[in-house]
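[1] this is the structure alone, sequence omitted:
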C-alpha cells in the first residue's frame with residue numbers, strides 16, 4: 001500500500017506542476033502585436049461608424065436643441081466607448097510598446113477633451129442660430145478628432161518601421177478598412 005501512496009503523491013505533484021505551468025501560459029495580460037493592432041483598429045472602426053451616423057443627423061438639419069442633444073448623446077457615447085476601448089487594451093510587449101501605449105493614452109485624453117467641447121457647444125445653444133453654431137462647432141470638433149486619430153495611427157505605424165508593430169497593422173484583419 002505504501003508504494004501506491006508514493007505513486008499517488010507523485011502523480012498529484014506532477015498534476016500540480018502541470019496546473020501551475022498551464023496557468024502561467026497566456027496569463028500575463030500581454031497582447032500579441034496583431035491582437036493589439038486589431039483592438040486599436042476595431043475601436044476606431046466602431047467609432048467612425050457611430051460618428052458617421054451622427055454626422056448624417058447633423059447634415060440633415062438637426063436644428064432644434066433636442067436634435068442636437070440627441071446627436072451629442074450619440075457622439076458622447078461613441079467617443080467614451082472609443083476612449084475606453086483604447087485604455088482597455090492589454091499591454092503591448094514589443095520594442096515600441098510603451099511608446100505605442102503612450103500615444104494611445106494621449107489620444108484618449110484628446111478624445112475626452114473633444115467630447116467635453118462638443119457637450120459645451122450643445123449646452124450653450126439657444127434658438128435656431130445657436131443650434132446652427134453648435135452644429136458647426138461639433139462638426140469642427142469631429143474633424144479635429146479625425147485628424148488626431150489619423151495622426152496617432154501614422155505615429156503607431158512609424159514606431160517600428162518594418163518591425164513587429166508595423167507588420168501587425170498590415171496583417172491585422174480589423175485594420176484592413178483603416179487607412180492611415
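    Here it is on my side, so go on. Source: prediction; values computed, not measured. Numbering: from 1, shown residues only.
[2] so where is this protein shaky, pLDDT-wise?
    1-30, 61-63, 179-180 (pLDDT under 70).
[3] check which helix or strand the residue nearest to the spatial centre of it maps to.
    Residue closest to the average C-alpha location in the chain (C-alpha atoms, centre = their mean): residue 86, at 3.0 Å. Per DSSP states H and E, residue 86 falls inside helix 65-87.
[4] other SSEs contacting that helix?
    helix 33-59, helix 97-123, helix 127-159 (3 or more C-beta pairs under 8 Å, 6 or more residues apart in numbering; DSSP states H and E). For the C-beta atoms, the positions are set from N, CA and C on the backbone; glycine is no exception.
[5] CSV for those helices, including distance to residue 168?
    CSV is the format used below for the helices and strands packed on helix 65-87 (distance: least, C-beta to C-beta, whole Å):
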stretch, distance to residue 168
helix 33-59, 4
helix 97-123, 10
helix 127-159, 10
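[6] from residue 71, how far off is the residue nearest to the centre of the chain?
    23 Å (C-beta to C-beta, to the nearest Å).
[7] what do you get for residue 145?
    According to C-beta to C-beta, residue 145 and residue 71 sit 15 Å apart.
[8] okay, buried residues for the helix holding residue 86 please.
    By neighbour count on 16 or more other C-beta atoms under 10 Å, the buried set for helix 65-87 is 65, 67-69, 71-72, 74-76, 78-79, 82-83, 85-86.
[9] need the residues that contact it.
    Contacting residues not belonging to helix 65-87 are listed as 39-40, 42-44, 46-47, 50-51, 53-54, 57-58, 61-62, 104-105, 107-108, 111-112, 114-115, 118-119, 122, 125-126, 130-131, 134-135, 138, 142, 145 [C-beta atoms under 8 Å, 6 or more residues apart in numbering].
[10] if we go to 7 Å?
    Residues outside helix 65-87 that contact it (C-beta atoms under 7 Å, 6 or more residues apart in numbering) are 39, 43, 46-47, 50-51, 54, 57-58, 62, 104, 107-108, 111-112, 114-115, 118-119, 122, 125, 131, 134-135.
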